[in-house]
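[1] Just a sequence and a predicted model for now, questions to come.
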Amino acid sequence: MATTTQKKVKETVKKDYDPSEIKVRRVNFQFSDKNKRFYYKDNPFSTHFINVLHILFPTGERFFVNSVLKHQKEIKDEKLKKQVRNFCGQEGIHSSMHERFWNILKAKGYNFEGYENHIDKLLHKVVAKIEVEGTKINNIDLVATACLEHFTALFGHAIFEHVDTNPKYVPEDMAELFKWHASEEIEHKNVAYDVMQLVDEDEYAKRIAFMPLATVILYFYLTVGTLMLMYQDRKYIKVSRLPKQFYQFATGLFSELHRDLVSEYFSFFKKDFHPSNLNDYHLAEEFFKDKAYA
């Protein structure tokens, strides 16, 4: 019979990290309104590129969740069922945490409601509704999710491997948010893809056809959103400094995010591709090992 001491020791032993569990973590990030307007290396391009991600993530991740949940009755494997549930849980919390940052943006005078509404309608009213009954034009929202999840996983990889998150250059609350988000994107990067492969026998043709389009749409709206916010900041920006600041952004944050993305991006077009082929789960494990909320 175990002693009280043995029971306490057993209870405090931390369970080995298993990325396939896709744990839902109840985080509660708070953001300081004291951070500088251009909080990433004093650079408006870099800062607003990040701000656009804050704006895009909530509606994008609701779209991801909806596209996967539509197929939950077709999933018989218990492990994948659980992964889908926890994928949805993680994405829901991502949405709420990034949306919380909107209060900071609005307090600084940014107006992005029209932009966000447009993205929301594009995803939920257009892409999610693409289907021609009796044809193979279906599951387009799920295919789009698998494509875009490839991007979020690779961005997550880059945040740990290449992006400069030194506290001298970026607020700690912002770095913590994006590292947490990056870790969970790495953890659940296979879920939408596995569901797509399960429910659509034509997934390969669809994903190689849709990925170029998804890429163009993603970078178009990232560019539009960044320029929109910079225009709203025109009284805070010195035009004479813009060429140098753009160069610093292009060779800094943007380059860092894309350092491994090009080669990994094209791996998506291989017939035997699977997100787990890039085995970087240790990045998430290392990040979570000393987190109270992990």
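    Yep, it's here.
[2] Residues in contact with stretch 283-294: which ones?
    17, 19, 23, 25-27, 156-157, 160-161, 179-180, 182-184, 186-187 (Cβ atoms under 8 Å, 6 or more residues apart in numbering). The way it works is simple: take the backbone N, C-alpha and C, and place the C-beta from them, glycine included.
[3] which element is the most centrally placed residue in the chain on?
    For the chain, the residue lying nearest the average C-alpha position, counting by Cα atoms, centre = their mean, turns out to be T152 (4.2 Å). According to DSSP states H and E, T152 maps onto helix 140-161.
[4] Next secondary structure after that helix?
    Counting by DSSP H and E, the element after helix 140-161 in chain order, helix or strand, is helix 172-187.
[5] Output the contacting helices and strands for that following helix.
    helix 44-69, helix 78-107, helix 140-161, helix 281-288 (3 or more Cβ pairs under 8 Å, 6 or more residues apart in numbering; DSSP states H and E).
[6] before we move on, the earlier item: and the contacts of stretch 283-294, which of them are buried?
    The neighbour-count criterion (16 or more other Cβ atoms under 10 Å) marks 17, 19, 23, 27, 156-157, 160, 179-180, 182-184, 186-187 among the contacts of stretch 283-294 as buried.
[7] Considering the residues you listed, which is situated nearest to R100?
    Of all the buried ones among the contacts of stretch 283-294, R100 sits closest to V27, with 10.5 Å by Cβ to Cβ.
[8] count of neighbours near the residue lying closest to that closest one once chain neighbours are set aside?
    Nearest non-adjacent residue to V27, counting by Cβ to Cβ, 6 or more residues apart in numbering: Y293, 5.2 Å away. Taking other Cβ atoms under 10 Å as the criterion, the count of residues near Y293 is 10.
[9] Mind pulling up the pLDDT for Y293?
    At Y293, the predicted lDDT confidence score is 87.
[10] mind checking which helix or strand it is in?
    For Y293, there is no host helix or strand (DSSP H and E).
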